[in-house]
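# sharing a model prediction with you, sequence too.
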Protein chains: 2
Amino acid sequence: MGGFVLKIAILLYEDMTALDAIGPYEVLSRLPDADVRFTAAQKGLVRTDTGFLGLNADHDISEVSEADLLLVPGGPGNAAVRQDGKILDWLRSLHEQTRFTTSVCTGSLILGAAGLLRGLRATTHWTRMDVLREFGAEPTGERVVEQGKIITAAGVSAGIDMALQLVQKISGDDFAQALQLGIEYDPQPPFDAGSPEKAPAHVVDLVRGAMA
Amino acid sequence: MGGFVLKIAILLYEDMTALDAIGPYEVLSRLPDADVRFTAAQKGLVRTDTGFLGLNADHDISEVSEADLLLVPGGPGNAAVRQDGKILDWLRSLHEQTRFTTSVCTGSLILGAAGLLRGLRATTHWTRMDVLREFGAEPTGERVVEQGKIITAAGVSAGIDMALQLVQKISGDDFAQALQLGIEYDPQPPFDAGSPEKAPAHVVDLVRGAMA
């Protein structure tokens, strides 16, 4: 990797879900020679979906004209971004020369709106699977879905798993394991309720109702 | 919980590790009636340890005089914070009336410097266990360590597990499972290398060297 800079562009937008971006960032930014650019329609603070957190876009989309790895996070604000021609144009333009074009959670709906998922298998948050079909994609319940250079991850925390898979591809097994160990990613949630197949039915209904 | 506001204060500082704060934030901010305040010595942008990300402190420490839940993230900048009397005073003052005082990764070293861990079992990033002893704490390799109202989590990603445990205590099993399902936390890392006991020895050496 000597001398090679790995350009990583992460899209930020109003009402996004922070962990969708920050989980993968925490892994990918530690790749050798990574150059991460948090990029939004305008520079400056982006307010995330809870209203409690401001993430800074150091760059606007006019400043970032290429990327080796593009990452699009999800969140309620995805609906507005799907209507934003300038951002969709930017995504299509970057995608032409990326090595990996990726999304987390409902970020895949933005890739879909940009026309990048037609005929491909893809995933998103489990409550939004049907929306993928509107963009010609075939929804699948896998946690990380790889279709050529387009990789989509399931809801929110799945971006961490996707990022480790990307590190494995880019820098190999040892480095992927080193980054996993560096962030001490040895998950021990108090329940095994992280997918609709595993959670109790009444909990699934609760979440589905809250996110409707 | 009707009418009750759960005040959550999350400390931000230069050279912190973003995921230490954002992982738990993504869970805890979705508690009913949560009011999350990202708080730093001064208001405004804090640059995280990779240099690539700015997180905004909406509040300075003079504005946040109480919290039900205090969370201190880790990161290389912990060393400077441990020397910052104003922040340590603020932490001690908040701790007097918190319901939970918590840390992720090397955030526990800051709690230690504030004198809050004397005689307690605690954890931190696995490469920094010995430093805990300097503050009179007893290091332990558990992922989340509860000692009365002080709860410390291991490195970086362990904050997500700690946050789900906190939700279980605050709002019960169903709600904790609902938040786990909401962020689709069904971890599937490509390797089982997230702790020094599980990672290959040469990978452990690699990370220990990089973090020395």
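Done, it's in.
# for stretch A:192-203, buried residues please.
A:Ala193, A:Gly194, A:Ser195, A:Pro196, A:Ala199, A:Val203 (16 or more other CB atoms under 10 Å in any protein chain shown). For glycine as for every other residue, the C-beta is placed from the backbone atoms N, C-alpha and C.
# how about the residues you listed in a markdown table, adding secondary structure and distance to B:Pro189?
Output for those, formatted as a markdown table (DSSP: H, G, I helix; E, B strand; the rest coil; distance: CB to CB, whole Å):
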| residue | secondary structure | distance to B:Pro189 |
| --- | --- | --- |
| A:Ala193 | coil | 18 |
| A:Gly194 | coil | 13 |
| A:Ser195 | coil | 15 |
| A:Pro196 | coil | 21 |
| A:Ala199 | coil | 20 |
| A:Val203 | helix | 24 |
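# quick one: which of those is nearest B:Ala113?
Within these, proximity to B:Ala113 (CB to CB) peaks at A:Gly194, which comes in at 35.1 Å.
# now narrow the buried residues of stretch A:192-203 to whatever sits close to chain B.
A:Ala193, A:Gly194, A:Ser195, A:Pro196, A:Ala199, A:Val203 (CB under 8 Å from any CB of the partner chain).
# for the third one, give me its contacts.
With contacts defined as CB atoms under 8 Å, 6 or more residues apart in numbering or on different chains, the neighbours of A:Ser195 are A:Trp126, A:Gly141, B:Leu181, B:Glu184, B:Asp186.
# got the contact list for A:Pro190?
Here A:Pro190 is in contact with B:Asp161, B:Leu164, B:Gln165, B:Gln168, B:Ala176 (criterion: CB under 8 Å, 6+ apart).
# keep the residues you listed, but drop any that are not near chain A.
Okay, of the contacts of A:Pro190 touching chain A (CB under 8 Å from any CB), that's B:Asp161, B:Leu164, B:Gln165, B:Gln168, B:Ala176.
# is it true that the fourth one touches B:Leu179?
Right, the one you point to is B:Gln168. No: B:Gln168 is not in contact with B:Leu179 according to CB atoms under 8 Å; the separation is 9.5 Å.
# which one of those two has more residues nearby?
B:Leu179 (25 against 18; other CB atoms under 10 Å in any protein chain shown).
# verify the assumption that that one is located in a helix.
Yes: when DSSP: H, G, I helix; E, B strand; the rest coil is applied, B:Leu179 is found to be in a helix.
# follow-up on the earlier one: turn the buried residues of stretch A:192-203 into CSV, columns for distance to A:Arg118.
Below are those laid out as CSV (distance: CB to CB, whole Å):
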residue, distance to A:Arg118
A:Ala193, 34
A:Gly194, 30
A:Ser195, 27
A:Pro196, 26
A:Ala199, 32
A:Val203, 34
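# contact partners of the top helix by length along chain A?
What stands out as the longest helix in chain A, according to DSSP state H, is helix A:158-171. By CB under 8 Å, 6+ apart, the residues outside helix A:158-171 that reach it are A:1, A:6, A:19-21, A:23-24, A:26-28, A:31-32, A:69, A:71, A:73, A:100, A:102, A:104-105, A:123, A:143-144, A:146, A:151, A:153, A:175-176, A:179-180, A:185, B:157, B:184, B:186-191.
# same question, stretch A:109-123
Contacts for stretch A:109-123 (CB under 8 Å, 6+ apart): A:11, A:72, A:74, A:78, A:81-83, A:87-88, A:91-92, A:95, A:101, A:103, A:108, A:124, A:128-129, A:131-132, A:134-145, A:147-148, A:150, A:152-154, A:158.
# from the opening residue of stretch A:88-106 to its closing one, how far?
15 Å (CA to CA, to the nearest Å).
# before we move on, what about stretch A:195-209?
OK, stretch A:195-209 end separation, CA to CA: 16 Å.
# before we move on, back to that, which one of the ones next to chain B among the buried residues of stretch A:192-203 sits closest to B:Val207?
Nearest to B:Val207 among these, with distances taken as CB to CB, is A:Gly194, at 26.2 Å.
# excluding chain neighbours, what is closest to that closest one?
Sequence neighbours aside, B:Asp186 is the residue nearest to A:Gly194 in space, at 3.0 Å (criterion: CB to CB, 6 or more residues apart in numbering or on different chains).
# what's the neighbour count on the one you found?
Counted with other CB under 10 Å, B:Asp186 comes out at 24.
# is it in contact with A:Lys198, as I believe?
Yes: using CB under 8 Å, B:Asp186 makes contact with A:Lys198 at a distance of 6.6 Å.
# check which helices and strands the lowest-mean-pLDDT helix or strand in chain A sits against.
Sorting the helices and strands of chain A by mean pLDDT, DSSP states H and E puts helix A:201-210 at the bottom, at a mean of 95. For helix A:201-210, the elements it packs on are helix B:173-182, judged by 3 or more CB pairs under 8 Å, 6 or more residues apart in numbering or on different chains; DSSP states H and E.
# got the angle for the helix it packs on vs helix B:158-171?
Orientation check (axes from the mean of the first three to the mean of the last three CA atoms, to 10 degrees): helix B:173-182 against helix B:158-171 gives 150 degrees.
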